[in-house]
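**Student:** below are the sequence and a predicted model for it; my questions follow.
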Amino acid sequence: GRPLLEVIDLRVEFPNRRGTLTALDGISFTIAPGEVLGVVGESGAGKSLTGAAIIGLLEPPGRIAAGEIRLQGLRIDNLPPGEMRKVRGREIGAIFQDPLTSLNPLYTVGRQLIETIQAHLNLGRSSARERAIELLRSTGIPAPDERIDHYPHQFSGGMRQRVVIALALAAEPKLLIADEPTTALDVSIQAQIIALLRDLCHRHGTAVMLVTHDMGVIAETADRVAVMYAGRIAELGPVTEVIHRPQHPYTVGLMGSIPTLGETRERLAQIDGSMPRLDAIPSGCAFNPRCPEAMPICRSERPPLMAAGSSQAACWLHASASADTGARR
Ligand code: SF4
Ligand code: MG
């Protein structure tokens, strides 16, 4: 079937006094209805920026300089702000690292849930309240019929993120963008929240773009994974393939061992050096200074995503194989 979300050759730039910083370049991927796409990479790789571009919340002066974003076939990258706000409320929900950024401290969680439900579904006040209680119950909040009248500060961090998940699902969005949804939480409850998010989205048929630097979270949750490096996609494929048969040398380094939930890897286990700054991205393959397999072409020509095993990798090592199958672009 048709993808729910299509990101096509997306480029995001930040103009500054000294020129233009290209923060995302040539980003292309799709998300199918109900699918969970994990987006993984080190800090600064462009994961959050990709999510922000999709929901139309790039911080100025950041702007989409090239490419398209389509939701159910319709472009959303060039909508007027008012139209985009409607898409954000109705079609695409968002969950961020800090639950407090998504909740209004002055209103009870019930008021926020009921307003969201009524803005999107044609329900009277008491039906909307019933539905809000149901949503809170489904996120595992005890005594939801009492808790609904509490304010955000009356919940613990983990309970608050459950409220945020309920709120994000209240409008029945087709796509949820979850950016490091458990990073701010106690390690002991991270797994519960991830399982809850996965189960609820599965039940509602909601697709998820799950941004995280935690490969364990990806392994537990995602159907497919996009590995980002220096503002580009290095590898894209089914999650078990990417974990067990990584095709890009960067991913090979990232997967030094099979990840477990809660494991944080800001640095590569096996590869020296660090990700380049966006104003100093090497020519050719951005990974070439760190790559144990680098060849002359890697310094001059930028590799596009090519067929690699059951995945796609932006790496010249796969050029001949993909040329044989006609998948090289
Ligand atoms: Fe390494 Fe070259 Fe592949 Fe880049 S394109 S990952 S430098 S082999
Ligand atoms: Mg981030």
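**Tutor:** Great, that's in hand. Numbering: from 1, shown residues only. Ligands and ions are numbered 1, 2, ... in the order given.
**Student:** tell me who's in contact with L200.
**Tutor:** 138-139, 165, 169, 206 (Cβ atoms under 8 Å, 6 or more residues apart in numbering). Using the backbone N, CA and C atoms, a C-beta is placed for each residue, glycine as well.
**Student:** determine how far stretch 210-217 lies from the middle of the whole chain.
**Tutor:** 9 Å (Cα atoms, centre = their mean, to the nearest Å).
**Student:** and stretch 207-227, by the same measure?
**Tutor:** Distance, stretch centre to chain centre, for stretch 207-227: 8 Å (Cα atoms, centre = their mean).
**Student:** kindly report the same for stretch 200-207.
**Tutor:** 16 Å.
**Student:** just the buried positions in that stretch, please.
**Tutor:** By 16 or more other Cβ atoms under 10 Å, the buried positions in stretch 200-207 come out as 200-201, 206-207.
**Student:** for the contacts of L200, give me CSV that also has distance to G158, secondary structure and pLDDT.
**Tutor:** CSV is the format used below for the contacts of L200 (distance: Cβ to Cβ, whole Å; DSSP: H, G, I helix; E, B strand; the rest coil; pLDDT from 0 to 100):
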residue, distance to G158, secondary structure, pLDDT
S138, 16, helix, 91
T139, 10, coil, 91
I165, 11, helix, 92
L169, 17, helix, 90
T206, 21, coil, 95
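**Student:** so which two of the residues you listed are the farthest from each other?
**Tutor:** Using Cβ to Cβ, the contacts of L200 span at most 13.6 Å, a distance reached by T139 and T206.
**Student:** point out the ones among the buried residues of stretch 200-207 that are inside helices.
**Tutor:** Helix and strand membership here follows DSSP state H; of these, those in helices are 200-201.
**Student:** between the buried residues of stretch 200-207, which sits nearest G73?
**Tutor:** Comparing the buried residues of stretch 200-207 against G73 with Cβ to Cβ places A207 closest, at 14.7 Å.
**Student:** per-residue confidence for the closest one?
**Tutor:** Predicted confidence (pLDDT) for A207: 96.
**Student:** wait, doesn't it sit right on I31?
**Tutor:** Yes: A207 lies in contact with I31 (Cβ atoms under 8 Å); the separation is 5.1 Å.
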